[in-house]
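S.K.: here is my input, please return the structure:
(2 chains)
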Amino acid sequence: MDVNKNSYTFGFAAIMVIIVAALLSVAYIKLKPFQDRNVELEKKQNILSSVGINVERENAEAIYSTYIKRELVLNNKGEEVEGIAFDIDLGKEIKKDKNVQLLPLFISEVDGVTRYIIPLRGKGLWGPIWGFISLEDDLNSVFGAVFDHKGETPGLGAEINKPMFQDPFAGKTIFEGEEFTSIAVVKGGVTEGDMHKVDGISGGTITSVGVSDMLSERLTMYLPYFNKIKPDIEVDSVFSAMDSVVTVNDSIIN
Amino acid sequence: MSKDSLFSKKNMKLLSDPLNDNNPITVQVLGICSALAITVQLKPAIVMAISVMVVLAVANVLISLMRKLIPSRIRIIVQLVVIAALVILVDQVLKAFVYDVSKELSVFVGLIITNCIIMGRLEAFGMANGPWESFLDGIGNSFGYAWILIVVAFFRELLGSGTLFGYPIFENLGLYEMGYENNGMMILPPMALITVGVIIWIQRMKNEKLIESK
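M.R.: Numbers count the residues shown, from 1 in each chain, chains lettered A, B, ... in the order given. The predicted structure follows:
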């Protein structure tokens, strides 16, 4: 048989492509449920870890429902809309116009303390980066942050999913007085006591900048909602203060 | 068909040659891209080495089995399809059953497909030799690739971050208190190239076969 005839070459190519395509499609379809399950559990694991609860992936499901009390879907005016927050694909949402984006928000209650978890999504050097940042109920102080990435450079940008990078976010604030500042990831050392900056990663500058941009872009989207619920939270805390303090101080209410 | 036994001297040479005399990285200077990209830490370097080994051995055998059927004008494309299909298949299986390993591998999947060592071996060896020889050649070459990767990663992680497999060696030795500082340059790609260069230098100094006649 002459393997260099044109007809043979075309035939060979066609058959090879069909076989490979069929093989890969079958593998993809058969394995998809297992893969989706892993991704879902990992998301739950990440959400939990942003509020300081570290669990094995297998246990994430059960523990998630214990601690995550509410899942909201918001629009950019800060109003609640219909939808399932957990199923929102942020990767698709951030490509939409700001006015029609759906914003998922998770509210956790751990040991009686309410925290707000905001999912993040942005661009790294090689591909998407994402994460979750949890705010204390003053909607200003960061309780914790987790980040992850699709394919940042190992040892450099990929370090954003390590505690070394994530831990310094805890305790930072996203507002300076009334003004929204976000948290910037900076090069070359953060001065002690700076509430709005964390150290970047040497050799991972573009990923670090990506994290900065992602935080500021995503958090900005939630500001209308924060403004809406902040007065309620403040009133709540004043009331609880009043409960514990017998003499009511007028200045608190002002 | 050769009548050699499976582990004949000739066959064993297929395994040992790429380790030194005909090393894919230091002698043929192939696969440099991944050698630079993923040698910042030891663990990913080892994961990469194992992945390349699996893909190279299996692809070499497959191509060798098909070698008499492949039309020579599209042979490179056929090789590439075989490699890409294998890599994607392995990646899908890992994602479904060993998710953590697949996350570790994520970035390398593309790098494996484009690794010139794999295509180089398929074209130079798999296309012309039997399946068993091709298998040995694949394993030999991936070991040749692996040891360079691991040596480079060892020095880069140790000198660049002061750790090995993430374990803080230098911190525990108390070097930082004595005023030692990590060399940040080591974690940047140029130092990988220089490290590979140093290995090539030492190898050419020691290995007489590689010394060019004047």
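S.K.: in which helix or strand does the closest residue to residue B:6 other than its chain neighbours reside?
M.R.: With sequence-adjacent residues excluded and distances taken as Cβ to Cβ, 6 or more residues apart in numbering or on different chains, residue B:6 is closest to residue B:132, at 6.5 Å. Where C-beta positions appear, they are placed from N, C-alpha and C, glycine not excepted. Using DSSP states H and E, residue B:132 sits in helix B:131-161.
S.K.: try residue A:8
M.R.: Per DSSP H and E: helix A:6-50 holds residue A:8.
S.K.: which residue ranges of the chain form helices?
M.R.: In the absence of a named chain, chain A is used. Remark: helices assigned in chain A by DSSP state H are A:6-50, A:60-67, A:90-93, A:163-166, A:205-244, A:250-253.
S.K.: that was the other one, I meant chain B.
M.R.: Under DSSP H, chain B gives helices at B:9-16, B:32-37, B:42-66, B:75-97, B:99-105, B:108-113, B:116-121, B:131-161, B:169-173, B:189-206.
S.K.: now mean neighbour count and mean pLDDT too, for those helices, in JSON lines please.
M.R.: Listed next are the helices of chain B as JSON lines, based on neighbours: other Cβ atoms under 10 Å in any protein chain shown; pLDDT from 0 to 100:
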{"stretch": "helix B:9-16", "mean neighbour count": "15", "mean pLDDT": "82"}
{"stretch": "helix B:32-37", "mean neighbour count": "20", "mean pLDDT": "79"}
{"stretch": "helix B:42-66", "mean neighbour count": "21", "mean pLDDT": "89"}
{"stretch": "helix B:75-97", "mean neighbour count": "19", "mean pLDDT": "88"}
{"stretch": "helix B:99-105", "mean neighbour count": "17", "mean pLDDT": "75"}
{"stretch": "helix B:108-113", "mean neighbour count": "19", "mean pLDDT": "77"}
{"stretch": "helix B:116-121", "mean neighbour count": "22", "mean pLDDT": "88"}
{"stretch": "helix B:131-161", "mean neighbour count": "22", "mean pLDDT": "90"}
{"stretch": "helix B:169-173", "mean neighbour count": "13", "mean pLDDT": "84"}
{"stretch": "helix B:189-206", "mean neighbour count": "15", "mean pLDDT": "88"}
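S.K.: Serialize these to a markdown table and add fields for distance to residue A:220.
M.R.: Shown next, in a markdown table, are the helices of chain B (distance: least, Cβ to Cβ, whole Å):
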| stretch | distance to residue A:220 |
| --- | --- |
| helix B:9-16 | 59 |
| helix B:32-37 | 34 |
| helix B:42-66 | 35 |
| helix B:75-97 | 33 |
| helix B:99-105 | 30 |
| helix B:108-113 | 33 |
| helix B:116-121 | 45 |
| helix B:131-161 | 35 |
| helix B:169-173 | 39 |
| helix B:189-206 | 35 |
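S.K.: which residue packs closest to the single nearest residue of the stretch 101-250 of chain A relative to chain B, ignoring adjacent ones?
M.R.: Closest to chain B within the stretch 101-250 of chain A is residue A:155: 2.7 Å, counting by Cβ to the nearest Cβ. Of all residues not flanking residue A:155 in the chain, residue B:40 sits nearest, at 2.7 Å (Cβ to Cβ, 6+ apart).
S.K.: the one you found reaches residue A:152, doesn't it?
M.R.: No - contact criterion Cβ atoms under 8 Å: residue B:40 and residue A:152 do not qualify, at 11.5 Å.
S.K.: now the end-to-end length of stretch A:200-207.
M.R.: 9 Å (Cα to Cα, to the nearest Å).
S.K.: which of the residues in that stretch are buried?
M.R.: Within stretch A:200-207, the residues scored as buried using 16 or more other Cβ atoms under 10 Å in any protein chain shown are A:200-204, A:207.
S.K.: same check, this time on stretch A:88-99
M.R.: If you call a residue buried by 16+ other Cβ under 10 Å, then stretch A:88-99 has these buried ones: A:88, A:90, A:93-94.
S.K.: then stretch A:188-198?
M.R.: A:190, A:195, A:197-198.
S.K.: for stretch A:176-183, same thing?
M.R.: A:181-183.
S.K.: quick one: residues contacting the nearest residue to residue A:230 once chain neighbours are set aside.
M.R.: Leaving aside its chain neighbours, residue A:230 sits nearest to residue A:139 (6.0 Å; criterion: Cβ to Cβ, 6+ apart). Contact analysis of residue A:139 by Cβ atoms under 8 Å, 6 or more residues apart in numbering or on different chains lists A:116, A:226, A:229-230, A:233.
S.K.: now restrict those residues to buried residues only.
M.R.: So, by 16+ other Cβ under 10 Å, the buried ones in the contacts of residue A:139 are A:116, A:226.
S.K.: what's the neighbour count on the closest residue to residue A:99 other than its chain neighbours?
M.R.: Spatial nearest neighbour of residue A:99, excluding adjacent residues (Cβ to Cβ, 6+ apart): residue A:76 at 5.9 Å. A count of nearby residues for residue A:76, using other Cβ atoms under 10 Å in any protein chain shown, gives 18.
S.K.: next: residue B:115.
M.R.: 28.
S.K.: what sits against the residue nearest to it when sequence neighbours are not counted?
M.R.: Among residues not flanking residue B:115 along the chain, residue B:31 sits closest, at 5.2 Å (Cβ to Cβ, 6+ apart). By Cβ under 8 Å, 6+ apart, residue B:31 lies in contact with B:24-25, B:52, B:115-117, B:145.
S.K.: chain A versus residue B:31, what's the distance?
M.R.: Computed as Cβ to the nearest Cβ, to the nearest Å, the residue B:31 to chain A distance reads 16 Å.
S.K.: ok, residue B:56 next?
M.R.: Residue B:56 is 18 Å from chain A, by Cβ to the nearest Cβ.
S.K.: that residue reaches residue B:116, doesn't it?
M.R.: No - contact between residue B:56 and residue B:116 fails when scored by Cβ under 8 Å: they sit 11.5 Å apart.
S.K.: which residues touch the closest residue to chain A within chain B?
M.R.: Residue nearest to chain A within chain B: residue B:40 (2.7 Å; Cβ to the nearest Cβ). Each residue near residue B:40 by Cβ under 8 Å, 6+ apart is listed here: A:153-156, A:203, B:153, B:156-157, B:160-161, B:187.
S.K.: go with 6 Å
M.R.: A:154-155, B:156, B:187 (Cβ atoms under 6 Å, 6 or more residues apart in numbering or on different chains).
S.K.: no further queries at this time; thank you.
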